[in-house]
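# A structural model of the following input is requested.
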Amino acid sequence: MCLAIPALVKSIEGQEAEADMGGISRRISLWLTPEAKVGDYVLIHTGYAISVLDQEEAEETLRLFEEIQAMEEAA
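Got it, this is the predicted structure:
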């Protein structure tokens, strides 16, 4: 099973970007999503942005991840 995580693009330099994933900043590749812009949410898999998400979809996914984490911590 593969997992992709939504991240917010903070800055772009060439084909790389600085992206925020729940407070963690990472350098990612935009080779597969050259249309991504600063302020977009992208889906990250193994360091590559594989698609651009709309904000509502990204925020819902992040909310679900937080819910899963809370359930894990409560168990």
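
# count of residues packed around Glu35?
Glu35: 10 surrounding residues under other C-beta atoms under 10 Å. Heads up, the C-betas are built off the backbone N, CA and C, glycines and all.

# mind listing what it touches?
Glu35 makes contact with Val52, according to C-beta atoms under 8 Å, 6 or more residues apart in numbering.

# The one 3 residues further on now?
The contact partners of Val38, by C-beta under 8 Å, 6+ apart, come to 9-12.

# Of those residues, which pair is most distant in space?
The distance between the two most remote of the contacts of Val38 (C-beta to C-beta) is 8.7 Å, for Lys10 and Ile12.

# between these two, which one's more packed in?
Legend: neighbour count by other C-beta under 10 Å for Lys10 and Ile12, higher for Ile12 (17 against 12).

# Using the three-state scheme, assign the more buried one.
Following DSSP: H, G, I helix; E, B strand; the rest coil, the label given to Ile12 is strand.

# In terms of pLDDT, where does it sit?
We have a pLDDT of 98 for Ile12.

# check contacts around it.
Contact analysis of Ile12 by C-beta under 8 Å, 6+ apart lists 18, 30, 36-38.
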